[in-house]
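**Q** coords below, sequence missing:
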């Protein structure tokens, strides 16, 4: 019987919807603002997808080594994994912390787990990789606010498919990069990304996220000025339209060139060429949309991973997108960035909304002054 | 306060280019551009000129230039709209139109002047321009002068072009589709038939820059539209006399409406002095040669086939070329530069094409086969390729 370690960081991703850009050390604040658990349900989606295939295939029977309560056990059971296939190797305290992850992972490796699956974000990846110390490969089920690391599957379903392929012996083990931001600096709007370590992960080129590639910014200056000109005209031509500018260095660069106030990592609202509100959370976006029906959302894909929604901009929730309308989403990228982004992806957490995007098959991406290019968009 | 230095920035920018090895180092041709030319004092086999048919050395073409100086002088005296429109300019345009089997032609100072001057007048606010991602810089500059929305479609990808046409169909007043006929870096041919048919379906104008197809492709060297039998579907075809036709000057062909519009609107045409008589008469003679001596185009293709087959059998990768433009793919820039330098030492002149002209891992030597090369010239060049290829471990 194959033994698979499985750990869930129950607070991962909770900071996103309420605009906190991370949950390290601020889980309570996130809860107080009404954040709901993200990781548990995504872990259940993963487990159910795996179970759906494994049920009809005896070679895919695995024994789950996991942590008690919301750190794994509950998600597996909710997906219908039988009690007999689950062994709880560690029971966390009431308020789970990073140290619970460390202890849990250590126990799983000690009990003979050959692969460690975790559900969370970059912070969780760091904790898990720090605990396994490359004794076993790790694979992330994406549920955090940020997932820059190259150890994540692109979605819970993709993680299930990877696990299936792994058990069937179809994948190889290769090192992936574990990156994270300094969340303290991140919340202040400072982009300080760091490579913390590498960790062995499952290698399958199409499904594992490549670590966020930092496209060389120096040579991109001219392009950004051009993009700024494009948006400046757009703002001028539509003074009644509300523009919600998404996070990331591309849009931040455009805003700076226009001398617009813009947070690096937040969503900001621009009307008639002026920033009217900064660093909006989901609630405030919805409130401002009540006043401005005609709105456009400007997004830029996240590095090589190609996510335009669902990574680092969870404030742009399914409700927000539906209110704005998928046809009013403007995707912008510098040509160099687009070149390293083979496909665009969305992962809003709302399958029907994701389907609405992927049904388009191609989206226009603005790559220069009045210049765009069709780029494929695929479901995750 | 010290006064600002008005020009020190030039040296600074130049030095930055030199530091990155991105500056052009000019070679000096001593004498004519010929199959064997003297370059920087050394006689070399010429494999990088655009003089495909060697018409720059054709006796009829040279004689026509000399005669025109006698009859019309050294210069034209003015721009065409004022006092510089000579009978030979008009004759040349009639000859171009006849050769290209189109209603009318307009002669520009260069292909670049044609693209920059005409494209900029073909679309504006509310229009859409759909342009191949690898189109020539002169097209890009022409497009940049317009206020139209621009959509870059994937290289030679008719499917992507169709998706883009569908997207812009809803709002665009005019649609202009632009493609090179032959792409100068890889030597591949645009799917001009597919482009023309699709554009027809959407009521779009089709603009083909056939600088590298004229004198090379199609019936008697009539170009890419002739190659695909879609002459009547190409709204604007741009060509040049500076490549296979061996002289200089650009032209567009199409309908009388196109000519009338272009000559009243293209600023590069209206505001440039017209071509000197020698050039104009040489261009007429070059068309004469193409119409009466089909052997040059045939020789170009037999040379091309021989050279390419031998390169491939030696183990070289010649990319996706379908024309006399024959890249030898070498990967990194350093290898390509070293290869070119060694070729020159061995008596072969072929320049490397490196980043940023092509992607970092797609550096190459670009060879352009010439009809004037004899079999022994090609064999000598191929022997050099084999020797250096082994020396640099490109082939085994």
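**A** Arrived safely, thanks for sending. Owing to the predicted nature of the structure, the values given are computational and were not obtained by experimental measurement.
**Q** so residue B:167 makes contact with residue A:372?
**A** No. Counting by C-beta atoms under 8 Å, residue A:372 is not a contact partner of residue B:167; they are 9.1 Å apart. (Each C-beta comes from the backbone N, C-alpha and C, glycine too.)
**Q** what's the overlap in contacts for the two?
**A** Taking C-beta atoms under 8 Å, 6 or more residues apart in numbering or on different chains as the contact rule, residue B:167 and residue A:372 both touch A:364, B:151.
**Q** please list the residues of the stretch 1-150 of chain B that sit near chain A.
**A** Contact residues, the stretch 1-150 of chain B versus chain A (C-beta under 8 Å from any C-beta of the partner chain): B:133, B:144, B:147-150.
**Q** that older thread, more crowded one of residue B:167 and residue A:372?
**A** residue A:372 (22 against 18; other C-beta atoms under 10 Å in any protein chain shown).
**Q** quickly find the element holding the more buried one.
**A** Under the criterion of DSSP states H and E, residue A:372 resides in strand A:371-378.
**Q** which parts of chain B are strands?
**A** For chain B, the strands defined by DSSP state E occupy B:36-39, B:42-46, B:104-108, B:128-132, B:149-153, B:175-180, B:205-209, B:236-240, B:250-254, B:325-331, B:348-349, B:352-353, B:363-368.
**Q** can you flag the weakest of these by average pLDDT?
**A** Among the strands of chain B, strand B:352-353 carries the lowest mean pLDDT, at a mean of 90.
**Q** who's in contact with that one?
**A** With contact meaning C-beta under 8 Å, 6+ apart, strand B:352-353 is reached by B:185, B:327, B:330, B:333, B:336-337, B:339-340, B:363-366.
**Q** try it again with 6 Å
**A** For strand B:352-353, contacts defined as C-beta atoms under 6 Å, 6 or more residues apart in numbering or on different chains pick out B:336-337, B:340, B:364-366.
**Q** one more: stretch B:165-181?
**A** Contacts for stretch B:165-181 (C-beta under 6 Å, 6+ apart): B:122-123, B:126-132, B:135-136, B:139, B:190, B:195, B:199, B:202, B:204-210, B:213, B:224.
**Q** for ChimeraX, what selects the buried ones among these?
**A** To isolate the buried subset of the contacts of stretch B:165-181 in ChimeraX, counting by 16 or more other C-beta atoms under 10 Å in any protein chain shown, use the following:
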select /B:122,123,127,128,129,130,131,132,135,136,139,190,195,199,202,204,205,206,207,208,209,210,213,224
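**Q** pLDDT at the closest residue to residue A:356 other than its chain neighbours, what is it?
**A** In this structure, residue A:356 finds its nearest non-sequential neighbour in residue A:326, 5.4 Å apart by C-beta to C-beta, 6 or more residues apart in numbering or on different chains. Per-residue pLDDT puts residue A:326 at 93.
**Q** below-threshold pLDDT in the stretch 251-380 of chain A: ranges please.
**A** Within the stretch 251-380 of chain A, the stretches with pLDDT under 70 are A:302-305, A:311-312, A:340.
**Q** thought residue B:121 was touching residue B:265?
**A** Yes. At 4.2 Å, residue B:121 counts as touching residue B:265 under the criterion of C-beta atoms under 6 Å.
**Q** more neighbours: which of those two?
**A** residue B:121 (17 against 14).
**Q** list the contacts for that one?
**A** Residues near residue B:121 by C-beta under 6 Å, 6+ apart: residue B:265.
**Q** repeat the analysis, applying 10 Å as the threshold.
**A** Residue B:121 is in contact with B:142, B:145-146, B:261-262, B:264-268, counting by C-beta atoms under 10 Å, 6 or more residues apart in numbering or on different chains.
**Q** swap in residue B:282?
**A** Contacts of residue B:282 by C-beta under 10 Å, 6+ apart are B:55-56, B:58, B:60-68, B:92, B:241, B:245-249, B:275-276.
**Q** number of nearby residues for the residue in the stretch 1-150 of chain A that chain B sits nearest to?
**A** Nearest residue of the stretch 1-150 of chain A to chain B: residue A:150, at 21.4 Å (C-beta to the nearest C-beta). Residue A:150: 25 surrounding residues under other C-beta under 10 Å.
**Q** verify the stated contact: it with residue A:196.
**A** No. Contact criterion C-beta atoms under 10 Å: residue A:150 and residue A:196 do not qualify, at 11.9 Å.
**Q** ok so, going back, and the residues of the stretch 1-150 of chain B next to chain A, which are buried?
**A** When the residues of the stretch 1-150 of chain B next to chain A are checked for burial by 16+ other C-beta under 10 Å, the buried set is B:144, B:148-150.
**Q** which residue sits closest to residue A:60, ignoring its sequence neighbours?
**A** In space, residue A:60 is closest to residue A:54, 3.8 Å off (C-beta to C-beta, 6+ apart).
**Q** tell me which parts of chain A are close to chain B?
**A** A:219, A:226, A:233, A:335, A:339, A:361-365, A:367-376 (C-beta under 10 Å from any C-beta of the partner chain).
**Q** type out the ChimeraX command that picks the buried ones from those.
**A** A single ChimeraX command is used to select the members of the residues of chain A next to chain B judged buried by 16+ other C-beta under 10 Å:
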select /A:226,335,363,364,365,367,368,369,370,371,372,373,374,375
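**Q** ok, the contacts of residue B:121 vs chain A, which is closest?
**A** Of the contacts of residue B:121, the one sitting nearest to chain A (C-beta to the nearest C-beta) turns out to be residue B:146, at 8.5 Å.
**Q** chain neighbours aside, what residue packs nearest to the closest one?
**A** residue B:123 (5.1 Å).
**Q** neighbours of residue B:249, just the number please.
**A** 24.
**Q** which pLDDT does the model give it?
**A** Note on residue B:249: pLDDT of 98.
**Q** how much space separates it from residue B:239?
**A** For residue B:249, the distance to residue B:239 equals 10 Å [C-beta to C-beta, to the nearest Å].
**Q** show me how chain B divides into domains.
**A** B:21-50+B:294-391, B:59-292 (automatic domain parsing).
**Q** quick one: distance of the longest one to the chain centre.
**A** To tie it back to what came earlier, the one meant is domain B:59-292. Computed by C-alpha atoms, centre = their mean, to the nearest Å, the chain-centroid distance of domain B:59-292 equals 11 Å.
**Q** endpoints of it, how far apart?
**A** Length of domain B:59-292, first residue to last, C-alpha to C-alpha, to the nearest Å: 14 Å.
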